[in-house]
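**Q** what's the 3D shape of this:
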Amino acid sequence: MSSSETEVAIMAAIGELADAYSNGDYRRVTSMYVPDPGVVAFGPSVGEKWIGPEAIAWAYARDFRNFPDSELEFNWASIAGRDGVAWVAADCKAHVKIDGRVLRVDGRFTAVFERRGDRWLIAQSHFSFPAAL
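**A** Next up is the predicted model:
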């Protein structure tokens with residue numbers, strides 16, 4: 001797969017992640033991660049580290065319960081890869097409804113994707129929202 005094909009495929013995967021997140025579908029979000037016990041996701045707050053598919057599913061389900069009308073968008077990404085692995089650094093924006101008001105928070109997303117069959121799945125991810133601190 002050429003680097004431009006990898007970029008297109010990863011951008012599609014990031015778009016799918018944003019769509020699943022914006023629809024509050026934790027099962028779909030979780031299905032975008034490798035199903036391996038060593039998969040890791042870091043959240044934006046101290047102590048938010050989940051290892052394994054069940055822990056990651058729990059974290060997203062909790063987030064969607066706490067913030068049910070949230071949306072996520074990606075507005076810039078740097079993508080590189082080789083031999084079925086790609087790494088991503090991206091700017092994102094979260095739209096979170098709290099007490100009837102929508103809070104827009106700029107953030108960052110980094111991830112390592114692994115090609116499994118015809119899909120690119122997340123092997124490791126980290127969201128941060130430094131402006132929210």
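**Q** When you work out contacts or count neighbours from here on, use the C-alpha atoms and nothing else.
**A** Will do.
**Q** Find the nearest non-adjacent residue to residue 61, please.
**A** Leaving aside its chain neighbours, residue 61 sits nearest to residue 26 (5.4 Å; criterion: C-alpha to C-alpha, 6 or more residues apart in numbering).
**Q** quick one: contacts for the residue most central in space within the chain?
**A** Nearest to the mean C-alpha position of the chain, counting by C-alpha atoms, centre = their mean, stands residue 17 at 5.8 Å. By C-alpha atoms under 8 Å, 6 or more residues apart in numbering, the contact set of residue 17 is 29, 32.
**Q** and if you look at residue 51?
**A** With C-alpha under 8 Å, 6+ apart, residue 51 has these contacts: 37, 38, 39, 40, 41.
**Q** go with 10 Å
**A** Residue 51 is in contact with 36, 37, 38, 39, 40, 41, 42, 124, counting by C-alpha atoms under 10 Å, 6 or more residues apart in numbering.
**Q** What degree of burial does the fourth one show, as a neighbour count?
**A** The number of residues packed near residue 39 is 18, by other C-alpha atoms under 10 Å.
**Q** can you pull out the strands in the protein?
**A** Secondary structure of the chain (DSSP state E): strands at 40-42, 49-51, 71-82, 85-98, 101-116, 119-128.
**Q** Kindly reformat those as JSON lines containing mean pLDDT.
**A** What follows is the strands of the chain, written out as JSON lines (pLDDT from 0 to 100):
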{"stretch": "strand 40-42", "mean pLDDT": "98"}
{"stretch": "strand 49-51", "mean pLDDT": "98"}
{"stretch": "strand 71-82", "mean pLDDT": "96"}
{"stretch": "strand 85-98", "mean pLDDT": "94"}
{"stretch": "strand 101-116", "mean pLDDT": "95"}
{"stretch": "strand 119-128", "mean pLDDT": "97"}
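**Q** Of these, give the one that comes closest to residue 31.
**A** Nearest to residue 31 among the strands of the chain is strand 119-128 (8.2 Å), distances taken as C-alpha to C-alpha.
**Q** which secondary structure elements does the closest one contact?
**A** In terms of contacts (3 or more C-alpha pairs under 10 Å, 6 or more residues apart in numbering; DSSP states H and E), strand 119-128 is packed against helix 3-22, helix 26-30, strand 40-42, strand 49-51, strand 85-98, strand 101-116.
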